[in-house]
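*Asks:* Fold the stuff below for me.
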Amino acid sequence: MKAVTVWMLIAQGIEIRITGFGGQGVVLAGHIIGHACAVNGGMHATMIQSFGPEARGSSCSAQLIISDSQILYPYLVQPQISILLSRDAHERFYSELKAGGIMLVEKDLVTPREIPKGVKMYGIPATRLAEEMGRKIVMNIITVGFFSAITGVTSYEATKKAVESSVPPGTEEMNLNAFNKGHDYGLAVLKGRQKKAEGRTGV
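*Replies:* Okay, the predicted model is just below:
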């Protein structure tokens with residue numbers, strides 16, 4: 001998504017859904033994105049979170065709205081961006097995306113049955129990357145880095161600062177490494193798609 005398009009959407013309000021299962025850090029991911037926009041980015045942001053009857057292992061969702069003006073209605077109508085981190089999340093929410101929207105998925109856990117017309121889908125093996133770091137718990141921070149790189153809704157610096165100020169004291173370095181891993185992965189994905197569009201291969 002080009003930066004000019006992002007800013008046009010922000011003027012109208014960007015609706016974002018992040019959903020998966022309890023234990024994946026969905027709510028913290030939403031908090032960090034909202035913090036990056038509202039505290040570090042000079043925009044307005046709202047977030048509503050919901051859980052299943054049991055927090056860990058059941059459905060979990062965070063709904064965000066980002067805008068450069070006051071937000072009067074904090075509930076999603078039709079999101080432009082969906083971050084789907086589990087198979088159940090994809091089954092339930094894949095069809096709600098607005099035409100021209102962006103779908104981000106945990107590619108090892110989600111095999112899209114169908115991609116709505118006009119929607120761009122990008123995948124990242126966030127859980128596997130987190131396991132390679134020795135801490136599966138940081139998969140949500142990896143996902144936040146991926147989100148920042150792919151969408152451009154939050155800048156690298158604003159999101160990095162939000163990560164640093166939102167994680168438990170003493171874990172900043174680990175989480176910033178996870179953020180950078182996700183961000184670098186996103187930039188590599190975009191670069192690969194650009195080469196493919198231009199009919200190029202190689203480095």
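*Asks:* Just the strands from the protein, written as ranges.
*Replies:* Ranges of strands within the chain are 14-21, 44-51, 59-67, 81-84, 102-106, 120-124, based on DSSP state E.
*Asks:* By mean pLDDT, show me the worst of these.
*Replies:* Mean pLDDT across the strands of the chain is lowest at strand 44-51; the value there is a mean of 90.
*Asks:* Specify the angle between that strand and strand 14-21 in degrees.
*Replies:* 20 degrees (axes from the mean of the first three to the mean of the last three C-alpha atoms, to 10 degrees).
*Asks:* which helices and strands does strand 44-51 pack with?
*Replies:* Where contact means 3 or more C-beta pairs under 8 Å, 6 or more residues apart in numbering; DSSP states H and E, strand 44-51 is packed against helix 26-38, strand 59-67. C-beta here means a position set from N, CA and C on the backbone, and glycine is covered the same way.
*Asks:* in stretch 115-129, what counts as buried?
*Replies:* By neighbour count on 16 or more other C-beta atoms under 10 Å, the buried set for stretch 115-129 is 116, 119, 121-127, 129.
*Asks:* Burial check on residue 132, number of neighbours?
*Replies:* Close neighbours of residue 132, defined as other C-beta atoms under 10 Å, add up to 11.
*Asks:* Please list all residues in contact with residue 70.
*Replies:* Taking C-beta atoms under 8 Å, 6 or more residues apart in numbering, we find residue 70 in contact with residue 44.
*Asks:* how far away is it from residue 34?
*Replies:* Distance, residue 70 to residue 34, using C-beta to C-beta, to the nearest Å: 15 Å.
*Asks:* In contact with the most centrally placed residue in the chain, which residues are there?
*Replies:* Nearest residue to the geometric centre of the chain (C-alpha atoms, centre = their mean): residue 147, 4.0 Å. Residue 147 sits next to 29, 33, 81, 83, 104, 153-154, 182, 186 when contact means C-beta under 8 Å, 6+ apart.
*Asks:* Tally up the residues packed near residue 190, please.
*Replies:* 15.
*Asks:* How about the one 5 residues further on?
*Replies:* Residue crowding around residue 195 was assessed by other C-beta under 10 Å; the count is 13.
*Asks:* and what of residue 62?
*Replies:* 22.
*Asks:* Okay, and the beta partners of it?
*Replies:* Beta-bridge partners for residue 62, by DSSP bridges, are residue 18, residue 49.
*Asks:* doesn't residue 46 make contact with it?
*Replies:* No - counting by C-beta atoms under 8 Å, residue 62 does not reach residue 46; the two are 10.8 Å apart.
*Asks:* and the gap between residue 83 and residue 124?
*Replies:* 10 Å.
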